[in-house]
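*Asks:* This is the structure alone, sequence omitted:
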């Protein structure tokens, strides 16, 4: 859903519990996504360009720390300046260096990141340091111009089974290559 939100795409997710995703869906809506929730499905239509938002990670039902890197990938291309405050884990900004290699404008100040949205990211080789950072880099790569090669995908395989197949079924230009 995040990649669709960041590219003006459309996606319907079925067999899900929208009520468990309230904080995430609220942030995507604040960024300009049109979201329609039903009992067990979500339809999301992303804008051409996302709007900047501020976010603070919190225990459930607040915004989950596990989704912070993925939201930051979207913030990197949102129009305006976003602020991300990480209140749960001290060292959860490992993905920032790699996003900046792709052209993101992110400054870290302790547990806060200031993200000045750029019009576009550029594909380049990046390395996933953990599962969530890997997911953020895949999202950034799908939004970037050019080719993004994500190494360290063993982290992604721990949490996202057949991720490249699922994204390709949604129209993503993605493939797994041997390193």
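*Replies:* Arrived safely. Predicted, not measured: the structure shown is a model, and the values here were computed from it.
*Asks:* And the lowest mean pLDDT element among the helices and strands of the protein?
*Replies:* Here the helix or strand of the chain ranked lowest by mean pLDDT, DSSP states H and E is helix 2-7, holding a mean of 64.
*Asks:* chain center to the helix or strand that that one is followed by, what's the gap?
*Replies:* Per DSSP states H and E, the first helix or strand lying C-terminal to helix 2-7 is strand 10-14. Centre-to-centre, strand 10-14 and its host chain are 16 Å apart (CA atoms, centre = their mean, to the nearest Å).
*Asks:* can you list the residues that contact strand 10-14?
*Replies:* 1, 4, 40, 41, 42, 43, 44, 45, 46, 170 (CB atoms under 8 Å, 6 or more residues apart in numbering). Where you see a C-beta, it was placed from the backbone N, CA and C, and this is true even at glycine.
*Asks:* For it, which strands pair with it and how are they oriented?
*Replies:* As defined by DSSP bridges, the strand partners of strand 10-14 come to strand 41-45 (antiparallel).
*Asks:* so how far is residue 177 from the residue most central in space within the chain?
*Replies:* Centroid-nearest residue in the chain: residue 70, 2.6 Å away (criterion: CA atoms, centre = their mean). Separation of residue 70 from residue 177 (CB to CB, to the nearest Å): 23 Å.
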